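K.L.:
Give me a model of this one.
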Amino acid sequence: MWLSEAHIREHKLKGQKKLEHRQEYSRPVVTEFFSWVEHQFERQGLLPSSPLTKALHYVRERRVRLEVFLLDPEVQIDTPS
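P.N.:
Just a heads-up that it's a prediction; the model follows:
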């Protein structure tokens, strides 16, 4: 379970408080992840048919939709257990 989202549930954060928490704790992780994705494309040696290359393309093409939870407190990034 993603610790940031667990914290949000534990403390019953809603609305602006939830967004503030995500901006502080989740956004840096998301930013670092997408930087890593871009770095993989800059490197030499990724084969177009590689499952990793295909996954990276998938993520890159859907970045805006994958980041929507950072802008909308009603969107959940995970499924509560």
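K.L.:
The closest residue to Ser4 other than its chain neighbours: neighbour count?
P.N.:
Spatially, and ignoring its direct neighbours in sequence, Ser4 is nearest to Tyr25 (4.3 Å; CB to CB, 6 or more residues apart in numbering). Glycine gets a C-beta too; all of them are placed from N, C-alpha and C. Counted with other CB atoms under 10 Å, residues neighbouring Tyr25 total 15.
K.L.:
Isn't Tyr25 up against Glu5?
P.N.:
No. Look at Tyr25 against Glu5 with CB atoms under 8 Å: they stay out of range, at 9.4 Å.
K.L.:
Okay, now the unreliable bits of this protein?
P.N.:
1-2, 80-81 (pLDDT under 70).
K.L.:
which stretches of it form helices?
P.N.:
3-10, 15-21, 27-42, 51-61, 63-66 (DSSP state H).
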